[in-house]
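Trainee: only geometry, no sequence info:
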């Protein structure tokens, strides 16, 4: 199925692949969920005014994909030169986004890679997280490895085997086996760790 550029289309279930032209809007015809049993391919900017369930998502060119609901993907999300905003929850096996990922209710995946910025208002649960610029998480973080090129802020608890941050990291306690921070590291809550390497300043809460 194809949605022409700059069109608004109502969809419920698509049994095949869905191709969406740039500057288009799609929404559920009935209910709150669009189900695509194949792959979804975007040509550019797209507003999705519903939750979306699909096999995979990809973007050919630059573009901003906005999902007003949950985004549940069976396999991968590949937006190499794009931005992804999800007001609800994001779930996928692999997420690869070139610029920005913003999530309103947290995300769960195996691997997530973002070239620029990750912002999550909820929990982040992923085996491997790689962020080129900045990461901000208002919920908890759980996974194996979290790598951030610039700045990391976590307001909830952090549970990881390895944390690598190039610049500044501020967390609220948790359990991390191995920590490496190039600049400043601060934990405002109780932190359990085995190895800590900080290039600049480390600020840890003293637990009596």
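Mentor: Yes, it's here. Everything numeric in this text was worked out from a predicted model, so none of it was measured.

Trainee: quick check: domain ranges of the protein?
Mentor: 1-87, 123-208 (automatic domain parsing).

Trainee: Save these as a markdown table, and put in distance to residue 109, mean pLDDT and mean neighbour count too.
Mentor: Placement of C-beta: from N, CA and C, glycine included. Shown next, in a markdown table, are those (distance: least, Cβ to Cβ, whole Å; pLDDT from 0 to 100; neighbours: other Cβ atoms under 10 Å):
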| stretch | distance to residue 109 | mean pLDDT | mean neighbour count |
| --- | --- | --- | --- |
| domain 1-87 | 8 | 96 | 18 |
| domain 123-208 | 5 | 95 | 18 |
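
Trainee: of the ones you listed, which approaches residue 102 most closely?
Mentor: domain 1-87 (4.5 Å; Cβ to Cβ).

Trainee: Residue 198 reaches residue 187, doesn't it?
Mentor: No - the pair residue 198 and residue 187 fails to qualify as a contact (Cβ atoms under 8 Å) at a distance of 11.1 Å.

Trainee: For stretch 54-64, which outside residues touch it?
Mentor: Outside stretch 54-64, the residues that touch it by Cβ atoms under 8 Å, 6 or more residues apart in numbering are 18, 22, 35-46, 65, 71-85, 92.

Trainee: give me that answer again for 6 Å
Mentor: For stretch 54-64, the surrounding residues in contact (Cβ atoms under 6 Å, 6 or more residues apart in numbering) are 36, 38-45, 73-79, 81-83.
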